[in-house]
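# have a look at this prediction, sequence included:
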Amino acid sequence: MINMPLMPMEPFVHGGARWWRLTRVARVGLGMGAVAVIPLGFETDLASVPRLLWAVFPPWMPGLLAPAVLHDWLYSTKPVSRQRADAIFREAMADCGLPKWKRWAIWASVRLFGGSHY
């Protein structure tokens, strides 16, 4: 089970797009005693969902925000393999209550198209 804290963020514009910055440190329990510490000021675009799909998968939907921040941090710092980072993302979405079909679709998209960002 992933222990997802609240992640207070503030928006800012980066390259013409809206990004988000953590306004406090986030400690995420990854299970088995492992903890991810996402620093104050960490910047994320949340979930990189094509605008065409926002009606079904808005990047700000409940159950996706905190897991998306965690996933971006895992990809940017690489403390685990890409495969493990994606598995943690899927588990975090489940623990945050995202419906199974949405978790699977988002996870499959990350596995198929996320490699260039790792």
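Noted; the coordinates are in hand.

# spatially central residue for this protein, please.
Computing the C-alpha centroid of the chain and ranking residues by C-alpha atoms, centre = their mean puts residue 68 first, at 1.3 Å.

# right, and that residue touches residue 46 too?
Yes - here residue 68 reaches residue 46: they are 4.7 Å apart, a contact under C-beta atoms under 8 Å. Where C-beta positions appear, they are placed from N, C-alpha and C, glycine not excepted.

# what sits in contact with each of the two?
Here residue 68 and residue 46 have residue 59 as joint contacts, going by C-beta atoms under 8 Å, 6 or more residues apart in numbering.

# the helix or strand of the chain with the lowest mean pLDDT: how far from the chain's middle?
The helix or strand of the chain with the poorest confidence is strand 26-31; it has a mean of 88 (mean pLDDT, DSSP states H and E). Distance, stretch centre to chain centre, for strand 26-31: 13 Å (C-alpha atoms, centre = their mean, to the nearest Å).

# which SS class is residue 37?
Reduced to three states with DSSP: H, G, I helix; E, B strand; the rest coil, the structure at residue 37 is strand.

# that one and residue 29 touch, don't they?
No - between residue 37 and residue 29 there is no contact under C-beta under 8 Å: 10.7 Å.

# show me which of those two is the more surrounded one.
residue 29 (14 against 10; other C-beta atoms under 10 Å).
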